[in-house]
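Q: sequence unavailable; structure follows:
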Ligand SMILES: Nc1ncnc2c1ncn2[C@@H]1O[C@H](COP(=O)(O)OP(=O)(O)OP(=O)(O)O)[C@@H](O)[C@H]1O
């Protein structure tokens, strides 16, 4: 780490507003070569907006942008940022779904052109994927839209680190591990360290404070559009970060005794079985929190969808609501308002004869905005005006506000800040006390403590059923890999 070197990037007094929302209120931040800067803050704090300014996608209302000691403020744009080696892995993904992995690599590497470009694009992206995520299972000829969200995230990351005519001087990673399981996340974070130790620079945005503390050299904490703390990573611990972000204390996992009693209740999902050979079957009781774990893409989402759809062969006693993890593809209605996105899960409650009572639907959404803390000046604004984490909160509100007895959650905490997570965990506990059942697929190992028991998935089958008392990260990982692998 070279603290005294010329900053590779310097932002000075950057301001940005969207109508009444002051997303950035005068941010000054420098990044040295050979440094990983961790950036944390609550949902809507301004992290993505700041990175969109740095990558040239948003013009600031005021302030200066310097790259490599040169003032580039006037005319700064994505192609200027790229030409100066500033790369960005976007939270919502920026790949073209109808193109192949290699074609997507070609789009951001214009130096690959002329005869044989396809072969070179394949080699470029394939090589980076092999280096960062060995065993990734992605072909350079795969159509991006056919890949799981985790694999799309891997391609996006490999593309940002790939180098042709300009080196990757600064790689901005906006919640890069949100869809990766713990094994793939570990590979990425090890690569980030290799990158900075080789003289590159990274900005790492994450709501997983452990990975920030373990990976970053310096940490900046943002709150309400400004940087409120900035220091060496060693000066922080989890508690200090949480306090600087203005978040709430952590909820305790529920008692094992409570868990045992639930098994006496009637099952609401009976023997739901994924198609994999020799699979155990999933059973969930009234008032139970059932975890689905394992490496990502092992059939967890497919089983949730099977239960959500009440497909033949699955006995489900009650209505099911789903919280989508891949919010861009399966969750938000992008042309609708925040209020409409929340109320759509409960429309029957708002029927007045054959007509919809819009006033009641809006009041319902307004109530949920307060309960789950969606940061917006107006619930009638478009859903896409919300930060990523706040969009995810709207999806929670849609499911929790419905009358469904069973809530299926597909890795639902992607992009949700630590404070909100604690509030959602508490809401889940309160709802189970009223008899609701939760089926909860998570790629965050820490969340499994909130489950009564956990099914571990491997290659489309359930291979283990771990009770709370016997659940450790080691056991989950052990079951996630084949004995002979
Ligand atoms: N295009 C936009 N139109 C209107 N408001 C926007 C737009 N983009 C961002 N905002 C607002 O700016 C504020 C900062 O959003 P930003 O996405 O930067 O937050 P964030 O810290 O990245 O949050 P998260 O952790 O949820 O990703 C939020 O209040 C958000 O609603």
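A: Structure received. Everything numeric in this text was worked out from a predicted model, so none of it was measured.

Q: please name the nearest non-neighbouring residue to the residue of the chain found nearest the ligand.
A: The minimum distance from the chain to the ligand, using Cβ to the nearest ligand atom, falls at residue 389 (2.7 Å). In short, each C-beta sits where N, CA and C put it, glycine included. Counting by Cβ to Cβ, 6 or more residues apart in numbering, residue 43 is the residue found nearest to residue 389 once chain neighbours are left out, at 3.1 Å.

Q: hang on, the earlier thing: helix or strand for the residue of the chain closest to the ligand, which one?
A: Assigned by DSSP states H and E, residue 389 belongs to helix 388-400.

Q: for that helix, name the packing helices and strands.
A: On a contact count with 3 or more Cβ pairs under 8 Å, 6 or more residues apart in numbering; DSSP states H and E, helix 388-400 meets strand 320-323, helix 338-343, helix 358-372, strand 406-410, helix 418-433.

Q: just for this protein, where's the confidence low?
A: Within the chain, the ranges that satisfy pLDDT under 70 run 1-5, 247-265, 482-485.

Q: same thing but at 50, please
A: Applying pLDDT under 50 to the chain flags residues 1-3, 484-485.

Q: how far off helix 418-433 does the helix holding residue 389 point, in degrees?
A: 10 degrees (axes from the mean of the first three to the mean of the last three Cα atoms, to 10 degrees).

Q: return the distance of helix 388-400 from the chain's centre.
A: Helix 388-400 sits 13 Å away from the centroid of its parent chain (Cα atoms, centre = their mean, to the nearest Å).

Q: and the angle for that helix with helix 358-372?
A: Going by the same axes, to 10 degrees, helix 388-400 makes 120 degrees with helix 358-372.

Q: in terms of contact, does residue 274 touch residue 301 like I think?
A: No - the pair formed by residue 274 and residue 301 falls short of the contact definition of Cβ atoms under 8 Å, at 10.6 Å.

Q: the ligand contacts on the protein?
A: 18, 21, 23, 41, 43-49, 91, 375, 385-390, 415, 417 (Cβ under 6 Å from any ligand atom).

Q: please name every helix or strand in contact with the helix or strand harbouring residue 102.
A: In this assignment (DSSP H and E), residue 102 forms part of helix 101-108. If contacts are counted by 3+ Cβ pairs under 8 Å, 6+ apart, helix 101-108 sits against helix 117-132, helix 149-161.

Q: contact partners of the next helix or strand along the chain from the last one?
A: In this case it means helix 149-161. In the C-terminal direction, the helix or strand that comes right after helix 149-161 (DSSP H and E) is strand 170-174. Strand 170-174 is contacted from outside by 8-9, 31, 47-48, 51, 54-55, 67, 85-91, 157, 160-161, 188, 192, 195, 200-205, using Cβ atoms under 8 Å, 6 or more residues apart in numbering.

Q: same check on stretch 451-463?
A: Residues outside stretch 451-463 that contact it (Cβ under 8 Å, 6+ apart) are 254, 259, 262, 273-282, 288-295, 298-300, 302-303, 440, 448, 464-468, 471, 476, 479-482.

Q: now stretch 300-320
A: For stretch 300-320, the external contacting residues (Cβ under 8 Å, 6+ apart) are 266-274, 282, 292-294, 322, 325, 402-411, 437, 439, 441, 457, 460.

Q: circling back: show me what counts as buried in the helix holding residue 102.
A: Using 16 or more other Cβ atoms under 10 Å as the test for burial, helix 101-108 gives 101-106, 108.

Q: okay, angle between that helix and helix 149-161 too, please.
A: 40 degrees.

Q: contact partners for residue 403?
A: Residue 403 neighbours (Cβ under 8 Å, 6+ apart): 319, 346, 349.

Q: separation between it and residue 319?
A: Using Cβ to Cβ, to the nearest Å, residue 403 is found at 7 Å from residue 319.

Q: ok, residue 271 next?
A: Taking Cβ to Cβ, one finds residue 271 at 19 Å from residue 319.

Q: and if you look at residue 6?
A: Plainly put, residue 6 is 60 Å away from residue 319 if you go by Cβ to Cβ.

Q: so residue 11 lies in a strand, does it not?
A: Yes - counting by DSSP: H, G, I helix; E, B strand; the rest coil, residue 11 is part of a strand.

Q: what's opposite it in the beta bridge?
A: Beta-bridge partners recorded for residue 11 (DSSP bridges): residue 29, residue 65.

Q: how deep is it tucked in, by neighbour count?
A: When counting by other Cβ atoms under 10 Å, one arrives at 23 neighbours for residue 11.

Q: same question for residue 158.
A: The number of residues packed near residue 158 is 26, by other Cβ under 10 Å.

Q: residues contacting it?
A: Applying Cβ under 8 Å, 6+ apart to residue 158 gives the contacts 125, 128-129, 132-133.

Q: can we see that at 6 Å?
A: Contacts were defined as Cβ atoms under 6 Å, 6 or more residues apart in numbering; by that measure residue 158 touches 125, 128-129, 132.

Q: once you drop chain neighbours, what's closest to it?
A: Of all residues not flanking residue 158 in the chain, residue 128 sits nearest, at 3.9 Å (Cβ to Cβ, 6+ apart).

Q: show me the contacts for the one you found.
A: 158, 161-162.

Q: for it, give its distance to residue 315.
A: Separation of residue 128 from residue 315 (Cβ to Cβ): 46 Å.

Q: and residue 207, by the same measure?
A: Residue 207 is 36 Å from residue 315, by Cβ to Cβ.

Q: the more surrounded of these two?
A: Between residue 207 and residue 315, counted using other Cβ under 10 Å, the more crowded position is residue 207 (26 against 14).

Q: residues touching the residue lying closest to the more buried one once chain neighbours are set aside, list them.
A: Among residues not flanking residue 207 along the chain, residue 417 sits closest, at 5.2 Å (Cβ to Cβ, 6+ apart). By Cβ under 6 Å, 6+ apart, the contact set of residue 417 is 42-43, 207, 389.

Q: next step: those restricted to helices.
A: Cross-referencing the contacts of residue 417 against helices under DSSP state H gives residue 389.

Q: determine which two of the contacts of residue 417 are furthest apart.
A: The most widely separated members of these, counting by Cβ to Cβ, are 42 and 207 (9.1 Å).

Q: SS state for the spatially closest residue to residue 145 that is not a sequence neighbour?
A: Residue nearest to residue 145 in three dimensions, not counting chain neighbours: residue 97, with 3.3 Å by Cβ to Cβ, 6+ apart. Following three-state DSSP, the label given to residue 97 is coil.

Q: you'd agree residue 97 is up against residue 144?
A: Yes - contact criterion Cβ atoms under 6 Å: residue 97 and residue 144 qualify, at 5.1 Å.

Q: quick one: the helices in the stretch 201-350 of the chain?
A: 209-215, 238-245, 256-262, 300-308, 338-343 (DSSP state H, counting those that start in this stretch).

Q: please identify the most buried of these.
A: Compared across these, helix 338-343 shows the largest average neighbour count, a mean of 26 (mean count of other Cβ atoms under 10 Å).

Q: please identify which helix or strand holds the closest residue in space to residue 455 that isn't next to it in sequence.
A: Spatially, and ignoring its direct neighbours in sequence, residue 455 is nearest to residue 462 (4.7 Å; Cβ to Cβ, 6+ apart). Per DSSP H and E, residue 462 falls inside strand 461-467.
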